[in-house]
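Undergrad: Provided below for reference: sequence and predicted model.
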Amino acid sequence: MGGAAVAAWMLVGGDRTALLPDATTGVHHQFEVACETCHAAKPFSTEKKTIKALNKTCYTCHDDELKASSDSHPRKKFRDPRMADYWEKIDARLCTSCHIEHKPEITRPGAVTLAMDYCVACHSEGKQDVRVNRPSHAGLEFDTCATAGCHNFHDNRALYEDFLVKHADQPWLNGQAPVHALQAISWETSEPPKTALARADAIAPSEKLTDEALDHWAASGHATGGVNCAGCHAPEAPEQVAMADLALQWSEAPEMKTCWGCHKEEAKAFRVGRHGMRSHPKIAKPRKTSKQFKALGWKGAEDSLPEQMLAWLEDASPPPQMTVAEARLPMKREAHGETLSCGSCHQPHSVDRREASVEACASCHADEHTTAYFDSSHYRLWKAEVAGEAPAGSGVSCATCHMPKVEGRRGDVIAAHNQNEFLRPNEKMIRPVCMDCHGLGFAIDALADADLVARNFQGRPAAHIDSIDWAVRRVKTGEQGANQ
Amino acid sequence: MQSKLSKSAMVAAALTIGVQAAPASAEDLSYQQVTDMLHVVMDTDRSVYTKNVVARLAAKEKVIKASEYFEDDKALPLPAQMFRFGAEGVADKTDAFSYSLLSLWPINKQNAPKTDLEKEGLQFIVDNPGENFYGEEELGGETYFTAVYPDVAVAEVCASCHNGHKDTPRDDFELDDVMGGVVIRIPTDS
């Protein structure tokens, strides 16, 4: 009976939570009951096809991030048959060679499921022997390669030798009052465009035109941008519509899709980020019982099954939005009932767009790093900027580091909504964030100090990472490597 | 070695040389003929980029630099990178053949010969100027027809850049020297 139930869940439908081998990694729990999101091969596929399909799905969400990272070990590098002897050691053509899911007992930082001395597989012999090529590395153990501040398997944009040398002599702080240039631009106030709308321009059913709503909307970016009430509350309504019809089409709480209609780039990133991945279009949809039966050669079998059995065979699907209560990070108890949508962080009628940079984050997150932020120098700078006592862009909010302003595809400045691009390993943040204000050496040391990170950078780095010193010594003093 | 060309390799070759249909005598093409054809295209494109883009704009007219870190430096990709990007792009589209640029004196150690045939072939083209090397090898459980073609310093800038690089194992290259080799592989099992 048990075997039949498992077979039915696997091949037809039903809640497969009980079949999960073990906890999934990181934020993958958000869609773990939609198994086909990752296990994309058809039932009874060969092992080779199954693994290939599984690995292909990784790129559904992580492709852009890997491309942006100038991946040091891209899959394409290992596909050449001349790399065949490496395939025997670690097959880097497959993500699953290093990242196996449902293995919490062996999952290490970076979702790595190999022993942390994995570099030894390829960089300990022949032309690739790093101990010969780099005399400075001669006494190092291979489990220290991925130490913070030294090397990452994928993202070494701020860690490659020539970059270290080029930025070797930077002071800890770039000038007396450095600013994040794009953040400064994004907060700039300019003359409202001619299409900007004023309080009197609001078109909505009369009961919606409260003073509070009008005041907030008129001062918001939406009014400045020429978006009238119906643009969000009745997006399907024709431009010239009778008020009675508008009232019928009115939505008190617009759906996320309404926001996405205009904020396309932000939406795309949000849907692969940690807050919005539940709405990613590639998350597997619930299986249809009739379709599953048909694929098994039992077309119409569902017609002969009782209602209760059909209900049992109904696929569980993740709710359309993540809830705070489901988070695996420490969250505030009072926020547990919240769901994550655009409106969780953004108040579309709000005058102050900066609320989404600090207050929104702290309304849910309750970890040590977040709590310590409010006693940090970064927060003091942010408060000064918000109060108008310091230049635009000089403050450091939660979003400054984790959802920084970036250049959009159209050359405009937008907030990055995929936190993964600026999170782990934390050296990802060095170039797009830290180096706006800090020198490279200080940034590397600070991010390598886990206690300092937890204290939200109150104090100085406790240790020094030697990478810049070694790189400078090799390049400037002509320290010889095996190649020379 | 002279066995008939597989269909997939023939199609890939036809695509690469820009023809719309396989030639009338396609049935008679050998692996060697195909790799020779592929190499003509690769070598010509590589030479054009090196001479007409890098040597002209970076070395002669000095309007832009060529840099290994071309994105950070807002510069031109190096000719060797340009060649590698092409090889990786081809690998995204077909498994019918693969190619790479290797050397006995690589700046990037990843481009040193790895297989026995690569080592033999690269040494052969250095010892026998003007000649190519052909062989067969088994990699990862699959058999390949492997061809190695000399890669020559076609412009002064090839030699000068390699000679002056901090990681070069050799600093006496001259114009027209064989600096490395283009290795082309066609799987013969499929």
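TA: Sure, I can see it.

Undergrad: from here on, contacts and neighbour counts on C-alpha atoms
TA: Will do.

Undergrad: near chain A, which residues of chain B are found?
TA: Within chain B, the positions adjacent to chain A are B:88, B:91-92, B:98-99, B:107, B:109-110, B:112, B:114-115, B:139-140, B:166-170 by Cα under 8 Å from any Cα of the partner chain.

Undergrad: and the residues you listed, which of them are buried?
TA: Among the residues of chain B next to chain A, those scoring as buried are B:88, B:91, B:98-99, B:107, B:109, B:112, B:114-115, B:166-170 (criterion: 16 or more other Cα atoms under 10 Å in any protein chain shown).

Undergrad: the longest helix belonging to chain A - what's its average pLDDT?
TA: Criterion DSSP state H: the longest helix present in chain A is helix A:47-68. Helix A:47-68 comes out with an average pLDDT of 95.

Undergrad: pretty sure B:Ala87 is touching B:Ser98, no?
TA: Yes: applying Cα atoms under 8 Å as the test, B:Ala87 and B:Ser98 come out as touching, 6.9 Å apart.

Undergrad: thinking again about what came up before, closest one to chain A out of the buried ones among the residues of chain B next to chain A, please.
TA: Of all these, chain A sits closest to B:Pro169, with 4.4 Å by Cα to the nearest Cα.

Undergrad: the strands in the stretch 51-200 of chain A, which residues?
TA: Assigned strands in the stretch 51-200 of chain A: none (criterion: DSSP state E, counting those that start in this stretch).

Undergrad: try chain B
TA: Taking DSSP state E to define them, one finds strands in chain B at B:98-102, B:133-139, B:142-152, B:178-187.

Undergrad: in a markdown table, list these along with mean pLDDT.
TA: Below are the strands of chain B laid out as a markdown table (pLDDT from 0 to 100):
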| stretch | mean pLDDT |
| --- | --- |
| strand B:98-102 | 98 |
| strand B:133-139 | 98 |
| strand B:142-152 | 98 |
| strand B:178-187 | 98 |
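
Undergrad: tell me the phi and psi of the closest residue to A:Glu314 other than its chain neighbours?
TA: By the measure of Cα to Cα, 6 or more residues apart in numbering or on different chains, the closest residue to A:Glu314 outside its immediate chain neighbours is A:Gly14, 4.6 Å from it. Dihedral angles phi and psi of A:Gly14 (degrees, to the nearest 10) take the values phi 120, psi 170.

Undergrad: show me the contacts for A:Gly14.
TA: Shown in contact with A:Gly14 (Cα atoms under 8 Å, 6 or more residues apart in numbering or on different chains): A:8, A:312-316.

Undergrad: now the strands of chain B as TSV including distance to A:Ala325?
TA: As requested, those are exported to TSV (distance: least, Cα to Cα, whole Å):
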stretch	distance to A:Ala325
strand B:98-102	50
strand B:133-139	51
strand B:142-152	52
strand B:178-187	54
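
Undergrad: looking at those strands, spot the one closest to A:Lys48.
TA: Nearest to A:Lys48, of all the strands of chain B, is strand B:142-152, at 15.8 Å by Cα to Cα.

Undergrad: kindly export the closest one (C-alpha atoms) in CSV.
TA: What follows is strand B:142-152, C-alpha atoms only, in CSV (Å, rounded to 0.1, in the frame of the first residue of the first chain):
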residue,chain,number,x,y,z
GLU,B,142,35.4,8.8,-26.9
THR,B,143,37.7,8.7,-29.9
TYR,B,144,38.7,11.8,-31.7
PHE,B,145,40.4,12.8,-35.0
THR,B,146,42.8,15.5,-33.8
ALA,B,147,44.6,18.0,-36.0
VAL,B,148,47.3,20.5,-34.9
TYR,B,149,48.1,23.5,-37.1
PRO,B,150,50.9,26.0,-36.5
ASP,B,151,49.9,29.3,-35.1
VAL,B,152,52.4,31.9,-36.4
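
Undergrad: what's that strand packed up against?
TA: The contact analysis (3 or more Cα pairs under 8 Å, 6 or more residues apart in numbering or on different chains; DSSP states H and E) places strand B:142-152 against helix B:31-48, helix B:116-127, strand B:133-139, strand B:178-187.

Undergrad: among those, which comes closest to A:Arg82?
TA: For these, the distance to A:Arg82 is smallest for strand B:133-139, at 7.0 Å, taking Cα to Cα.

Undergrad: do I have it right that B:Tyr134 meets B:Pro150?
TA: No: with contact defined as Cα under 8 Å, B:Tyr134 does not reach B:Pro150; the gap is 11.9 Å.

Undergrad: which one's more surrounded, the two?
TA: Neighbours per residue (other Cα atoms under 10 Å in any protein chain shown) separate B:Tyr134 from B:Pro150, with B:Pro150 holding more: 27 against 18.

Undergrad: what's the neighbour count on the nearest residue to the more buried one once chain neighbours are set aside?
TA: Spatial nearest neighbour of B:Pro150, chain neighbours left out: B:Gly181 (4.5 Å); criterion: Cα to Cα, 6+ apart. The number of residues packed near B:Gly181 is 26, by other Cα under 10 Å.

Undergrad: now do the same contact list for B:Gly181.
TA: Counted by Cα under 8 Å, 6+ apart, B:Gly181 has contacts B:101-103, B:122, B:125, B:148-151.

Undergrad: out of the residues you listed, who's the most crowded?
TA: Counting neighbours by other Cα under 10 Å, B:Val148 leads the contacts of B:Gly181 with 31 neighbours.

Undergrad: who's in contact with it?
TA: So B:Val148 contacts B:118, B:121-122, B:125, B:132-134, B:181-184 (Cα under 8 Å, 6+ apart).

Undergrad: if we only consider these, which is nearest to chain A?
TA: B:Glu118 (9.0 Å).

Undergrad: distance of that closest one relative to B:Thr94?
TA: Taking Cα to Cα, to the nearest Å as the measure, B:Glu118 falls 22 Å from B:Thr94.

Undergrad: which one of the two has more residues nearby?
TA: Using other Cα under 10 Å as the criterion, B:Glu118 and B:Thr94 rank with B:Glu118 on top: 25 against 12.

Undergrad: residues in contact with the more buried one?
TA: B:148, B:183.

Undergrad: ok, back up a step: what's across from the residue nearest to B:Pro150 in the sheet?
TA: In this entry, B:Gly181 is beta-bridged to B:Leu102, B:Pro150, by DSSP bridges.

Undergrad: swap in B:Tyr134?
TA: B:Tyr134 has these beta-bridge partners by DSSP bridges: B:Ala147.

Undergrad: residue contacts, it?
TA: Contacts for B:Tyr134 were tallied using Cα under 8 Å, 6+ apart; they are B:32, B:121, B:145-148.
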